[in-house]
Each structure stands twice: as C-alpha cells, then as structure tokens.
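Visitor: sequence and predicted structure, then a few things I'm wondering about:
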Amino acid sequence: MKIDIGITETDRAQIADGLSRLLADTYTLYLKTHNFHWNVKGPMFQTLHLMFETHYTELALAVDEIAERIRTLGFPAPGTYRQFVELSSIKEEEGVPEAKEMIRLLVEGHEACVRTARSIFPQCDEAHDEPTADLLTQRMQTHEKTAWMLRSLLES
C-alpha cells in the first residue's frame, strides 16, 4: 500500500537509512552497557552496576522507538547482529575493561550516538519530517546528558 504522509519515498528512504545507523549505534551501545553492568568490579561497583542498569534499560526502550519510526516511514528496520555491525559507528570491546575504562568507552558511545543523530537532521529538515526530528532531539538530549554524567565520574 502506498504511503502518503507528505514525504517523498526518496526522502523517507534517506531518513530511514540514517535512522538505521542510529538504531545500530543505539543497540550496540545497549549491548556494551549491559555487558559492563554484568562485569563491572572494583570500588565503584554498586554505583556503576545500578547506573549501567538504568542506562541499558533506557537504551532498550530507545531501540524500539527508533525501529518503529523506520517502520512508520515504510522501510524494514535492521535487526540482526550482522546488520548492526555493518551499520554501527561503535565498535565492540575485546575482553573486560577496568571500571574507569568502561566509563570512558560509554562516554564515547553516547557521543557517537549524538553525532549519528545529528547527521540525520539535514534530511529531516529538507523533507519537513518533524516527527523524526523530534525523536532525534530527544535522543540527543538523553545521550548528551548521559555522557556528561559519565564524564563527571572521571574527573578528579
């Protein structure tokens, strides 16, 4: 069935491609955060274990919102590890880093999600896709705030 929401198919495809990259980054960051939640140790264990749980829970909800927006635009959402590895700008970690390194890596991951979200705005603006722009703004606010809070743990 034809989709007629006032955004051309070409524009919807470009936006969906950008959202697919954001979905991959978000899911990869979710997995990394959940991994760190399970494996953190040291003097900050309790604080980080609970914080990481809060973060991966929020990310789990975010991947659903992003995937649903891709579907709303009329395209399939990526959903396999292979697709996520190809699309994500965030790399997986080898081994289990120390707690402070976990924090640093998560800051990098949240900042990567912000950059990916920001890169989609030109297509949204051109197509007048305010719902996607709103989603991107919300994601950027969350990732920027989370990165700030994580960075504060690394300050002396």
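Guide: Yes, it's here. Residues are numbered from 1 along each chain as shown.

Visitor: how close does N39 sit to L73?
Guide: Applying CB to CB, to the nearest Å, the value for N39 to L73 is 37 Å. C-beta coordinates here come from the backbone N, C-alpha and C atoms, glycine included.

Visitor: higher neighbour count, the two?
Guide: Ranked by neighbour count (other CB atoms under 10 Å), N39 and L73 place L73 first, with 23 against 14.

Visitor: tell me which element the spatially closest residue to that one that is not a sequence neighbour falls in.
Guide: In space, not counting the residues next to it along the chain, L73 is nearest to R12; the distance is 4.4 Å by CB to CB, 6 or more residues apart in numbering. Assessed by DSSP states H and E, R12 sits inside helix 9-39.

Visitor: how about the helices in this structure?
Guide: Secondary structure of the chain, counting by DSSP state H: helices at 9-39, 45-72, 81-87, 99-127, 130-154.

Visitor: check what pLDDT the residue nearest to L73 gets.
Guide: pLDDT, R12: 97.

Visitor: kindly report the same for the one 10 residues further on.
Guide: What the model reports for L22 is a pLDDT of 98.

Visitor: picking up where we left off before, distance of the residue nearest to L73 from E130?
Guide: R12 is 14 Å from E130, by CB to CB.

Visitor: which one of the two is surrounded by more residues?
Guide: Using other CB under 10 Å, the more surrounded residue of R12 and E130 is R12, with 21 against 10.

Visitor: got the contact list for the more buried one?
Guide: Shown in contact with R12 (CB atoms under 8 Å, 6 or more residues apart in numbering): I3, L73, G74, F75, A127.

Visitor: buried subset of those, written for PyMOL?
Guide: To isolate the buried ones among the contacts of R12 in PyMOL, judged by 16 or more other CB atoms under 10 Å, type:
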select buried, resi 73+75+127
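
Visitor: CSV for the contacts of R12, including distance to G109 and pLDDT?
Guide: Output for those, formatted as CSV (distance: CB to CB, whole Å; pLDDT from 0 to 100):
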residue, distance to G109, pLDDT
I3, 33, 92
L73, 25, 97
G74, 29, 97
F75, 25, 97
A127, 28, 97
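
Visitor: any idea how far the residue positioned nearest the centre of the chain lies from F45?
Guide: Geometric centre of the chain, nearest residue: T26, 2.4 Å, by CA atoms, centre = their mean. According to CB to CB, T26 stands 26 Å off from F45.
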